[in-house]
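Chemist: With the sequence up front, the predicted model follows.
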Amino acid sequence: MAVMLVIVVPTLVALLAFAWKFRASNSNARYDPEFTYSGRIELIVWSIPTLTILFLGGLIYYGSYQLDPRKPIPSAQPPLDIEVVALDWKWLFLYPEQGVGAVNQLVIPAGVPVRFKLTSASVMNTFFVPQLGSMIYAMNGMQTELHLQADREGSYFGQSAHFSGDGFSDMNFKVSAVSADAFARWASSLRGGGGVLNANAYRELARQSTNVPPAAFGHVQPGLFDAVVQQTLPPGPGPSESASSGEPQVSPKASPAAAAPPMAHSPQAKGVE
């Protein structure tokens, strides 16, 4: 707004000044019908908009860099890596450093920057925690990145903010920001009692389903996220038959040969309801 006023105000002032000076009743106004060129006028006319464009362009470039979701959050703490997979219609969170995973429940340590790596095993989706920051797309066959941080302990609402099919409206998850000790205990409790997320369990989990309760895995097969990004794990891109009445639906080609290990209910992080 202020930058535009630098252009608008002098233009209006010059308009009024020229109209007053060259009015019909002013016999002292110099009239030069042979005038064709003035270097001074050309310099003024072109320099002001050029400088304005350069200034606005600099602001846009700087602002775009500052708001880049891939830009790490400055912190003395190393970031926590979390891999996110958008499924029909649930969220899978993988913790590669801890070797655990969770469905529709995201637990993070407060005061620690989190580096999310996101993809989709189905259609394009969006990952959004309104109280923490930016929304970003999760797309099939590629990886996006987002950095967020919860400054204090608490419970936050996360959601899919992009229409992605029948169960989109229920594709929500709870974010629990806890102390570093509580996060370590939570991850340790999963390793001690959670299920196993391997290729077979992933095939079962990837079935279309709605209103999926929070669940957890105590062991996650290494490289699972990369396999989803590279599309080497079935099912392929896009949803299968529409899910109905909350029951999982899966095409015969995507059905596992044997039942996958059951998911364990995710324990609540201590200190967060």
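Modeler: Perfect, thanks for sending it.

Chemist: And the helices in the stretch 151-273 of the chain?
Modeler: Applying DSSP state H, counting those that start in this stretch to the stretch 151-273 of the chain gives helices spanning 180-193, 199-205, 224-229.

Chemist: Enumerate the positions of the second one that are buried.
Modeler: Pointing back at helix 199-205 there. Asn200, Ala201, Tyr202, Arg203, Glu204, Leu205 (16 or more other CB atoms under 10 Å). Any C-beta I mention is one placed from the backbone N, CA and C, and that applies to glycine too.

Chemist: what's the following helix or strand after the helix or strand encompassing Met4?
Modeler: Met4 is located in helix 2-21, with elements delineated by DSSP states H and E. Next helix or strand after helix 2-21 toward the C-terminus (DSSP H and E): helix 39-66.

Chemist: How far does that following helix sit from its chain's centre?
Modeler: 31 Å (CA atoms, centre = their mean, to the nearest Å).

Chemist: Which secondary structure element of this structure has the lowest mean pLDDT?
Modeler: strand 264-265 (a mean of 50; mean pLDDT, DSSP states H and E).

Chemist: Would you mind measuring from the residue lying closest to Gly167 once chain neighbours are set aside to Arg207?
Modeler: The shortest distance from Gly167 to any non-neighbouring residue, by CB to CB, 6 or more residues apart in numbering, is to Trp89 (3.1 Å). Counting by CB to CB, to the nearest Å, the gap from Trp89 to Arg207 is 11 Å.

Chemist: Which of these two has more residues huddled nearby?
Modeler: Set Trp89 next to Arg207 and count neighbours by other CB atoms under 10 Å: Trp89 wins out with 25 against 21.

Chemist: so where do the strands sit in the stretch 51-200 of the chain?
Modeler: Assigned strands in the stretch 51-200 of the chain, in chain order: 80-87, 90-95, 100-103, 105-109, 114-120, 125-128, 136-138, 144-148, 154-160, 172-178, 195-197 (criterion: DSSP state E, counting those that start in this stretch).

Chemist: and the ones you listed as TSV, adding mean pLDDT, distance to Val13 and mean neighbour count?
Modeler: Formatted as TSV, these follow (pLDDT from 0 to 100; distance: least, CB to CB, whole Å; neighbours: other CB atoms under 10 Å):
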stretch	mean pLDDT	distance to Val13	mean neighbour count
strand 80-87	96	55	23
strand 90-95	96	57	24
strand 100-103	95	63	26
strand 105-109	96	55	23
strand 114-120	96	51	22
strand 125-128	94	47	22
strand 136-138	91	46	21
strand 144-148	94	46	19
strand 154-160	93	51	17
strand 172-178	94	54	21
strand 195-197	90	69	21
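
Chemist: Which parts of this protein belong to which domain?
Modeler: Split into domains by automatic domain parsing, the chain comes to 1-19+39-67, 80-265.

Chemist: and the end-to-end length of the shortest one?
Modeler: Spelled out, that is domain 1-19+39-67. Start-to-end span of domain 1-19+39-67 (CA to CA, to the nearest Å) is 20 Å.

Chemist: So what's the residue count around the closest residue to Leu233 other than its chain neighbours?
Modeler: Distances taken as CB to CB, 6+ apart put Ala227 closest to Leu233, at 4.8 Å, once the chain neighbours are dropped. When neighbours are defined as other CB under 10 Å, Ala227 has 14 of them.

Chemist: Can I get stretch 136-153 in CSV, CA atoms only?
Modeler: Output in CSV follows, covering the C-alpha atoms of stretch 136-153 (Å, rounded to 0.1, in the frame of the first residue of the first chain):
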residue,chain,number,x,y,z
ILE,A,136,0.9,-28.3,1.7
TYR,A,137,-0.1,-30.7,-1.0
ALA,A,138,0.6,-34.5,-0.8
MET,A,139,0.8,-35.9,-4.3
ASN,A,140,1.1,-39.4,-5.7
GLY,A,141,4.5,-40.4,-7.0
MET,A,142,6.4,-37.4,-5.6
GLN,A,143,7.6,-36.0,-2.2
THR,A,144,6.9,-32.6,-0.8
GLU,A,145,8.4,-31.1,2.4
LEU,A,146,7.1,-29.0,5.2
HIS,A,147,8.6,-27.6,8.4
LEU,A,148,6.5,-26.9,11.4
GLN,A,149,7.0,-26.4,15.1
ALA,A,150,4.7,-26.4,18.2
ASP,A,151,6.0,-23.9,20.6
ARG,A,152,4.1,-25.2,23.6
GLU,A,153,2.5,-28.4,24.7
